[in-house]
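Asker: model this:
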Amino acid sequence: MTIIQAVILGIVQGLTEFLPVSSSAHLVLVPFLFNWKLDPAQAFVFDVLVQLGTLGAVIAYFWKDLLTILKAWADGLRTKTPFADAESRLGWLIILGTIPAGVAGLFLKDKVEAAFSDPMLTAVMLFLTAVLLTLAEVFSKKTRDVNELTWLDALIIGAFQAIAIFPGISRSGATISGGLFRGLKRQNAARYSFLLAIPIMAAAGLMAFSDLLAVPGLSAFLPVVIVGFVAAALVGYFAIRWFLSFLKAKSLLPFALYCALLSIGVLLVMGTR
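Answerer: Modelled structure (predicted):
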């Protein structure tokens, strides 16, 4: 992988991690469409570690919220009233919502790694993302706030996040859709989705460090990862800000259309090669 390829993929990761269009799909499909011959082991490790750039972006954007949640969570433990404060409850609901994806990641790691080398499966999953976004927009009430979330809501949204470990199923798209199905307003669903991303992205990045150490030619590969990380972090921060503003008045249907068209386009390209 070259520095230019790392910059492009970092920008792609930053743009698509928080938009409901599947960053993992784009990290698989962009090299496929440009006919890049990337080492599969390097590509998978890069794709996971570059997510730490967007993890940095979401932490930077929500740092005030995170400090408030962590303080309330710690105070709740200290006073033995963990669910009395709304922000403390939100902290527990983020932990609870992380469990399904964590369990799925542990048991399906090999299958997920194999899926990153399968553009056809990724394209099909991307079309499923389009269907999911459409159903969520059409059949949801969008009346509830984050402070109305229950433990059942957290588990259901977490289950949506679990299916998004495969490339093509958008993590933000799945969790926002899960929030909409549970009646959350779009912005509230997106806020919970982004906060819910933090633990699972951190865990995936830490797990990938052992794979990074096993990559041949690590000293030459490390600068490539760092460049992708920085590009993803910078672009991701502004993508969050734009997307939350977009959701104030507009729906997810344009993203559903984009996912469907990209999926069909990739399948057509595969058919002609």
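Asker: what's the distance between the residue nearest the centre of the chain and residue 263?
Answerer: Nearest to the mean C-alpha position of the chain, by CA atoms, centre = their mean, lies residue 171 at 4.0 Å. Using CB to CB, to the nearest Å, we find residue 171 at a distance of 17 Å from residue 263. Yep, even glycine has a C-beta here, placed from its N, CA and C like the rest.
Asker: And residue 78, by the same measure?
Answerer: Distance of residue 78 to residue 263, computed by CB to CB: 50 Å.
Asker: higher neighbour count, those two?
Answerer: Counted by other CB atoms under 10 Å, residue 78 and residue 263 do not tie: residue 263 has more neighbours, with 23 against 9.
Asker: For the more buried one, give me its contacts.
Answerer: By CB atoms under 8 Å, 6 or more residues apart in numbering, the residues touching residue 263 are 123-124, 126-127, 130.
Asker: quick one: buried residues of the host helix or strand of it?
Answerer: Taking DSSP states H and E as the criterion, residue 263 maps to helix 253-272. Neighbour-count burial for helix 253-272, counted by 16 or more other CB atoms under 10 Å, picks out 255-256, 258-260, 262-263, 266.
Asker: How far off centre is that helix?
Answerer: 20 Å (CA atoms, centre = their mean, to the nearest Å).
Asker: Against residue 159, how distant is the closest residue to residue 264 other than its chain neighbours?
Answerer: In this structure, residue 264 finds its nearest non-sequential neighbour in residue 127, 7.4 Å apart by CB to CB, 6 or more residues apart in numbering. To residue 159, residue 127 is 20 Å away according to CB to CB.
Asker: go on, residue 235?
Answerer: Distance from residue 235 to residue 159, by CB to CB: 29 Å.
Asker: who's more crowded, those two?
Answerer: The neighbour comparison of residue 235 against residue 159 (other CB under 10 Å) goes to residue 235, with 21 against 17.
Asker: What residues sit buried inside the helix or strand of the chain with the lowest mean pLDDT?
Answerer: Every helix and strand in the chain was compared by mean pLDDT, DSSP states H and E; the lowest is helix 40-49, with a mean of 74. Residues 42-49 are the ones in helix 40-49 that count as buried (16+ other CB under 10 Å).
Asker: Beyond it, next helix or strand please.
Answerer: Reading on from helix 40-49 to the C-terminus, the next helix or strand found by DSSP H and E is helix 51-61.
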